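> Just the structure for this:
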Amino acid sequence: MQTAFLNGRTIEVYRKNSPDFENEMDPIEIMERLDRMYHELNQNPTDTTAQFIREELQSFQVITISNEQNGIRWITSPMTYVRRKMQRSTVRRIFHLIKTGTQWASKYVHYSKIEGLDSLPIPITLSVQSSLHNLSESNNIDKLKCSITALKETIYERLQSGHTTIGIFETPDGVVNMNLLYAWFDENKPLDGTRWTNNNTLTVVGLDQIVDSILFQPKITV
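Purely as a prediction, here's the structure:
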């Protein structure tokens, strides 16, 4: 009650989702492919095998969004445009009048933003047993195996949480979906008339870059 008294209250909320992904890969299929890659590296741990795996990972694409507030995030599901109409509290309006000396703030104010609540931070960070933490001393094949496992576990945890999308595409569908997202941004501009892309950069990266960026930290035990 005190917060509403000071900050006002929400009168209206409008939400609009970006279009569903086109030709997105099935998360289960991705997990099966990652599992197969792991076993291939396990059975034939050579640089040639690792190169083949990396080339296959490069054939998959994800879309990332970056801004100063949230850093780089992997867009795993459609985004949401949110517009709110707020009623300013009388207290706030009086404060504004005292501060400016002449301006009486309007009773209502509008806010808009783009939300990607289901996005994943890049790099992905995974807690592991302390014995596995120092992967810097491991060979490239062992690092690749651990990173592939980490990515598979990330997808699995997402599915277990009730999500149905992961935002992985075969080339060039990642670029196609990024362009569709750019078009949607232009259709749903901020209320000040600027462009979301002035402060939010979309990029398509290969799945190999996601795998290579994964960070491992020791699991904290109490």
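> who touches the longest helix along the chain?
Ranked by residue count, the top helix of the chain under DSSP state H comes out as helix 140-160. Helix 140-160 is contacted from outside by 27-28, 30-31, 34-35, 37-38, 41-42, 45-47, 49-50, 53-54, 76, 120, 124, 126, 128, 132, 135, 138, 166, 207, 210-212, 214, 216, using C-beta atoms under 8 Å, 6 or more residues apart in numbering. (Glycine included, C-beta is placed from N, CA and C.)
> what does stretch 45-57 give?
Taking C-beta under 8 Å, 6+ apart as the rule, stretch 45-57 contacts 33, 37, 40-41, 140-141, 144, 148, 206-208, 211.
> Next: stretch 165-180.
Outside stretch 165-180, the residues that touch it by C-beta under 8 Å, 6+ apart are 18-19, 21-25, 27, 30, 59-63, 74-78, 118, 155, 158, 202-204, 207.
> and the helix or strand harbouring Leu202, which strands flank it?
Taking DSSP states H and E as the definition, Leu202 sits inside strand 201-206. Strand pairing for strand 201-206, determined by DSSP bridges: strand 60-67 (antiparallel).
> which parts of the strand it pairs with are buried?
60-65 (16 or more other C-beta atoms under 10 Å).
> Name every strand pairing with whichever helix or strand comes after it and say which way it goes.
Next along the chain after strand 60-67, taking DSSP H and E as the criterion, comes strand 71-74. Under the criterion DSSP bridges, strand 71-74 sits next to strand 60-67 (antiparallel), strand 120-121 (antiparallel) in its sheet.
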